[in-house]
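> the sequence and its predicted three-dimensional model are supplied below.
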Amino acid sequence: MSLFTRTTRELTVRIDEFFDTIEIGILIFKEGVKAYVRGDHNTFGSHLEKIDDLEGKADKLQRAIENDMIVHSILPHQRSEIVKLLWQMDEIIDTAKGSLNEFYIEIPRIPSLLTEDFISLAEVSANAAEELMPAARSFFREPHLVREKLIKVYFFERETDKAAFQLKKKVFHEMNDLSLAEKAHIRYITHHIENISDSAQDAADLLASMAIRQML
Amino acid sequence: MIFLFLTSGLFLGWTLGANDAANIFGSAVGSRLVSFTRAAIIASVFVILGAVLQGDGASETLGRLGSVNAMGGAFTVALAAGLTVYFMTRAGLPVSTTQAIVGAIIGWDFFTNNAVDTKALTQIVTTWVTGPLLGAIFAFGLYHLVKITRKRIRIHLVRYEAYLRGGLLIAGAFGAYSLGANNIANVMGVFVPSVPLEETGFGLCTLTGAQQLFFLGGLAIAAGVATYSRKVMQTVGANLLELSSEAAFVVVMSQALVLFIFSSSALSGLMVRAGLPPIPLVPVSSTQVVVGSVIGIGLYKGIRNINLKLLGSIASGWITTPVAAGLLTFFLLFFVKNLFGIDVGHSVNPPAAGIGEPSTALIIKYAIVILLVLISAYLVWLVLADKRKSDRINRKFYD
C-alpha cells in the first residue's frame, strides 16, 4: 500500500511538473521572439538553449507519466485520453522550440515596422497556450471548471488568427520595398507562430470532451 | 451418503461463486483496477465469513416457505434449481438462483402436499421487487454523494482514483460478506432441516449444524470464485458493464448494502425495537440488485442511459424462473421417489381446506400484477417526459 501511495504521489508531482515545464517554455518562447525582433541576439541565444532543455524535460516527463500509468494500471478508463492530452500539450512546446529554431537557422529579416506586430502576434498566440494550462490543471482537480477556463483559449486563438491576418496583409499590401522572397519568408515565420495557438486549441477541444465525461 | 446428497447444493454454490463474484469485483478486475488473485482471495474469505456468521436469517425464511424434511428431497430441490439456472442461462433467458430455489421449494410443497406459507412467500416476492429498487435508490444517493464529495475536496484525480481503488477493495469485501450471508440460503438452506449435523467445537469456536453446512456451502462458492469467475469478471468488466471507478464503487457498495439489509437479524431486531416493522430476511438476487444499482446511476445521469429491455427481462424472470423451477422439481421428485424409491419428504403441514388460503394467494397475485403495471406506467411516463424534453430542445434550436 505504501508503494502504491508513493507511486500516486510521484505521478501527481510529475504531472504538475510537466505542466510547469510547458508553461515556462511558453514564456521563454515569448521572450525569445521579442529578443530576436529587437535584435538582442545574446538573449535570444540563451532563450533558445533554455527552450531546448525544457522541451527535452517535457518529453522525459511525458514518457515517465505514461509509463507509470501503464505499469501501475492507474486511471485505466481515462489513460488513453490523458496520454493523448499530454502528447497534445507537448506538441505546444515542440512547436515553440521549432519556431525559435527557425529564427536561429533561417535568420529572417524582420523590418522595424513589423517589430511590434511580431511581438503582439507571439504574445497573443502564447496567451492561448498559457490559458490552456489552468484548464488542464483543473481537469485533475476541479473538472467542472475546465470549460469556463477554456473560453480564454478559444478567444486568444481567434485573436491570433486576426493578428496574423493583419500582419500578412500589411506585408503583402503595404510593404512594397520588401522582395517577394522576404514577404514569403515572413509569412512562413508568421504561420509557425500561429501554430502554437492552433495546437493549444486542439488540446482545448480534447480537454473539453474529457471534462464532460468526468462530470457525468 | 450425506455428501452425495449435498453435491447438488455444492454445485449450486459453485455456480453462484462463478457467476455472482463478478457482480462484486467484475468492473474492478475487468478494468484492471484490482488484480484477479487479490479479488478472488478477498471474495472467498469474506463469502465464507458471511455465510457462517450471518447466513441463518435468510435460510430461516426459506425454511418457512417449505421445510424440506428428507435429504433426497433437499437434493432434488437443489438439483432442480441448479438445472433451471443452467438451462435458462443456456437459453439466454434472465435467471436468478434465488428465484429458482424459491420455485423449487414451492414445487416440493406441492409434491409432498405441504401448505405454502403465503406470508413467507409474500415477503420473498416483495423483496424481489424492493431489492433492485433499493439498489437503484442507494446507488442514486451514493453516486450523488461521491460526486458532491469529489467537487468539494478538490483532490487530484490520480489520488482520488487511488482512494477509490482502496474503497473498491473494502466495498468488495463487504459485498462478498453480504453475498455469503444472504445467498448461502439458496445453496444450503434446503438442507438445514434434513441434514443431521451435531454442534461441533473447533478449538476457538463452536459451529452449529447449520453453520457447518453454510461453511461447506461457502467453500463451494469460494471454489466457484477461484476456478471459474475470472472469465466472467473479465467479460462483465470489459464488455457488458463497463463502469467508471466511481460507478463501480457505488454499484458494489449499493449491492452490499441491500444484501446486508436483507440478511442481518441484528438490523431487523433494531427496527423492531424502534417500533418499526421487521426487515424480511430473504435471499435476494445479487445480479438484479446490481442491475438496479446501474439503473440508479443511469437515472442520476439522465433517462437516456437506461436500458428498458433490462428492466423488462428482470420482471419476466420473477415469473418464468420460479414457475420453471417448480415444474422441474415436481417432475424430478416424481422420478426420484417412484423410480429410485428415495424418500423425498412427507407432509407435515397439509393445506387447509378453507377460503383463507386462496384469498391470500390471490392478494399476492394481484399485488405482483399491480406492481408490474405501476413500474411499467412509471417507465412509460419517464420515456414520454424525456421525449417531450428532447422535442422542446429540438424546437428551441431548429425553429
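Alright, I've got the coordinates. Residues are numbered from 1 along each chain as shown, chains lettered A, B, ... in the order given.
> by contact count, what packs against the lowest-mean-pLDDT helix or strand in chain A?
Every helix and strand in chain A was compared by mean pLDDT, DSSP states H and E; the lowest is helix A:2-37, with a mean of 88. If you count contacts as 3 or more CB pairs under 8 Å, 6 or more residues apart in numbering or on different chains; DSSP states H and E, helix A:2-37 packs onto helix A:41-71, helix A:79-106, helix A:115-141, helix A:180-215, helix B:157-188. C-beta: built from backbone N, CA, C; applies to glycine.
> tell me the buried residues in it?
Neighbour-count burial for helix A:2-37 flags A:7-8, A:11-12, A:14-15, A:18-37 (criterion: 16 or more other CB atoms under 10 Å in any protein chain shown).
> for chain A, give me its nearest residue in the stretch 251-399 of chain B.
residue B:301 (5.4 Å; CB to the nearest CB).
> any idea which helix or strand comes after the one helix or strand residue B:80 maps to?
Assessed by DSSP states H and E, residue B:80 sits inside helix B:71-90. Note on helix B:71-90: by DSSP H and E, the next helix or strand toward the C-terminus is helix B:97-111.
> and the angle from that next one to helix B:157-188?
Using axes from the mean of the first three to the mean of the last three CA atoms, to 10 degrees, the inter-axis angle of helix B:97-111 relative to helix B:157-188 is 10 degrees.
> tell me how far the helix or strand following helix B:97-111 lies from the chain's centre.
Using DSSP H and E, the helix or strand that follows helix B:97-111 in sequence is helix B:118-153. Helix B:118-153 sits 13 Å away from the centroid of its parent chain (CA atoms, centre = their mean, to the nearest Å).
> one more: stretch B:61-80?
Here the centre of stretch B:61-80 is set off from its chain's centre by 18 Å, with CA atoms, centre = their mean.
> and the end-to-end length of that stretch?
Taking CA to CA, to the nearest Å, the span from the opening residue of stretch B:61-80 to its closing residue is 20 Å.
> any idea of the mean pLDDT for it?
Averaged across stretch B:61-80, the pLDDT comes to 86.
> ok, the residue sitting nearest the centre point of chain A to residue A:98 distance?
Nearest to the mean C-alpha position of chain A, by CA atoms, centre = their mean, lies residue A:92 at 3.2 Å. From residue A:92 across to residue A:98, the span is 11 Å (CB to CB, to the nearest Å).
> and residue B:8, by the same measure?
Remark: distance between residue B:8 and residue A:98 (CB to CB) = 72 Å.
> which one's more surrounded, the two?
Shown here are residue B:8 and residue A:98; by other CB atoms under 10 Å in any protein chain shown, residue B:8 has more neighbours (22 against 14).
> show the subsequent helix or strand relative to the helix or strand where that one lies.
Element membership of residue B:8, judged by DSSP H and E, is helix B:2-30. Where DSSP H and E defines the elements, the next helix or strand beyond helix B:2-30 is helix B:36-54.
> sorry, back to before: nearest to residue B:71, out of the helices and strands packed on helix A:2-37?
Proximity to residue B:71 (CB to CB) singles out helix B:157-188 among the helices and strands packed on helix A:2-37, at 12.5 Å.
> any idea how far the closest one is from the chain center?
15 Å.
> may I see the buried residues of it?
Neighbour-count burial for helix B:157-188 [16+ other CB under 10 Å]: B:157-162, B:164-165, B:167-169, B:171-188.
> before we move on, what about stretch A:146-161?
Buried residues in stretch A:146-161, counted by 16+ other CB under 10 Å: A:146-147, A:149-150, A:152-154, A:156-157, A:159-161.
> which bits of the stretch 151-300 of chain B sit near chain A?
Contacts of the stretch 151-300 of chain B with chain A, taken as CB under 8 Å from any CB of the partner chain, map to B:151, B:154-159, B:161-162, B:165-166, B:244-245.
> can I get those in JSON lines including pLDDT and distance to residue B:126?
Shown next, in JSON lines, are those (pLDDT from 0 to 100; distance: CB to CB, whole Å):
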{"residue": "B:151", "pLDDT": "84", "distance to residue B:126": "37"}
{"residue": "B:154", "pLDDT": "84", "distance to residue B:126": "43"}
{"residue": "B:155", "pLDDT": "87", "distance to residue B:126": "41"}
{"residue": "B:156", "pLDDT": "88", "distance to residue B:126": "45"}
{"residue": "B:157", "pLDDT": "89", "distance to residue B:126": "42"}
{"residue": "B:158", "pLDDT": "89", "distance to residue B:126": "44"}
{"residue": "B:159", "pLDDT": "89", "distance to residue B:126": "43"}
{"residue": "B:161", "pLDDT": "87", "distance to residue B:126": "38"}
{"residue": "B:162", "pLDDT": "87", "distance to residue B:126": "40"}
{"residue": "B:165", "pLDDT": "86", "distance to residue B:126": "36"}
{"residue": "B:166", "pLDDT": "88", "distance to residue B:126": "36"}
{"residue": "B:244", "pLDDT": "81", "distance to residue B:126": "32"}
{"residue": "B:245", "pLDDT": "83", "distance to residue B:126": "33"}
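> need the residues you listed in CSV (columns: distance to residue B:205).
Shown next, in CSV, are those (distance: CB to CB, whole Å):
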residue, distance to residue B:205
B:151, 46
B:154, 47
B:155, 42
B:156, 45
B:157, 45
B:158, 43
B:159, 40
B:161, 39
B:162, 36
B:165, 33
B:166, 30
B:244, 41
B:245, 37
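> out of the residues you listed, which comes closest to residue A:183?
Nearest to residue A:183 among these, with distances taken as CB to CB, is residue B:157, at 47.9 Å.
> correct me, but that closest one touches residue A:140?
Yes. At 4.4 Å, residue B:157 and residue A:140 qualify as touching, with contact defined as CB atoms under 8 Å.
> so who does the closest residue in space to residue B:151 that isn't next to it in sequence touch?
Nearest in space to residue B:151, with sequence neighbours left out and distances taken as CB to CB, 6 or more residues apart in numbering or on different chains, is residue A:144 at 6.3 Å. Going by CB atoms under 8 Å, 6 or more residues apart in numbering or on different chains, residue A:144 touches A:211, A:215, B:151.
> if I look at residue A:144, how far off is residue A:131?
18 Å.
> check residue A:169 too.
Plainly put, residue A:169 is 26 Å away from residue A:131 if you go by CB to CB.
> what's the domain layout of chain B?
Domain assignment for chain B, taken from automatic domain parsing, gives B:2-346, B:359-399.
> make CSV from these and add distance to residue A:59 to it.
Listed next are those as CSV, based on distance: least, CB to CB, whole Å:
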stretch, distance to residue A:59
domain B:2-346, 20
domain B:359-399, 44
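> and the ones you listed, which is most packed in?
Mean neighbour counts were taken over the domains of chain B using mean count of other CB atoms under 10 Å in any protein chain shown, and the top value, a mean of 21, falls to domain B:2-346.
> now the end-to-end length of that one.
With CA to CA as the measure, the first residue of domain B:2-346 is 19 Å from its last.
> can you list the weak-confidence ranges in chain B?
For chain B, the stretches with pLDDT under 70 are B:1, B:92, B:94, B:234-242, B:303-311, B:313-314, B:352-373, B:375-380, B:382-384, B:386-399.
> in contact with residue A:207, which residues?
Contacts for residue A:207 (CB under 8 Å, 6+ apart) come out as A:85, A:132, A:135-136, A:139, A:146, A:150.
> let's see it at 10 Å
Residue A:207 sits next to A:81, A:85, A:88-89, A:132, A:135-136, A:138-139, A:143, A:146-147, A:149-150, A:153 when contact means CB atoms under 10 Å, 6 or more residues apart in numbering or on different chains.
> check residue A:40 too.
Residue A:40 makes contact with A:31-32, A:34, A:46-47, according to CB under 10 Å, 6+ apart.
> determine which two of the residues you listed are furthest apart.
Distance extremes for those: the farthest pair is A:34 and A:46 at 12.8 Å, using CB to CB.
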